[in-house]
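Chemist: Need a 3D model of the sequence below.
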Amino acid sequence: MTLRLFKALGLAAGLALTGCSQAEETTATARMSAYNHTADYIHQYYINGQWGGNSYAYGGGGSFVCCIIYPRQWHEGLSATVRWTTSSSDPKVPANPIWHEKVVPIERYEAPGTRLNVHFLPNHEVRLIIWNGASGTSGYPGPPPPEMPDDFPFR
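Modeler: Next up is the predicted model:
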């Protein structure tokens, strides 16, 4: 009787592990990296509640925060809630961060990537791109890395 019980428990555990394995195969993880294409300082950002760091005006792309979980297979309507705070980049102006929030579509991807590149664009627009590399790499489907204008006063 004890042997049957151990076999039954072993079978149940095996099925449970198989179920977990199949569930894990439907999702992937990516590190997050921000690109700030604006003159504002981004104090912090969140993607679906996951903290992503900060980004200086016309900067970013160099650091990563781990991780966001997303579906391995892209599908129509796939989106994320992005929350972020901005303030002036002028060091003489007191930092009074302003919160922004919007639901942003995750751009189509053919295969899972290791990075979620978050592009903060003028007029509070945001692009979310899952990719295996940085902005500016060969074949990258999003904008090039931010470029600081020559006349930007806060370098």
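Chemist: and S87, what does it touch?
Modeler: Contact analysis of S87 by CB atoms under 8 Å, 6 or more residues apart in numbering lists D40, Y41, H43, V93, A95, N96, P97, I98. For every residue, glycine as well, the C-beta is placed using N, CA and C.
Chemist: brain fart, S79
Modeler: Listed by CB under 8 Å, 6+ apart, the contact set of S79 reads V103, V104, P105, I106.
Chemist: Any of the contacts of S87 buried? List them.
Modeler: D40, Y41, H43 (16 or more other CB atoms under 10 Å).
Chemist: For G59, see how far away the first one is.
Modeler: With the distance defined as CB to CB, to the nearest Å, D40 ends up 11 Å from G59.
Chemist: hmm, back to that, can you flag the buried ones in the contacts of S79?
Modeler: For those, a neighbour count by 16+ other CB under 10 Å gives the buried set as V104, I106.
Chemist: Let me see the ranges of the strands in the protein.
Modeler: Taking DSSP state E, the strands of the chain run over residues 27-36, 41-47, 50-51, 65-71, 79-87, 98-105, 115-121, 125-131.
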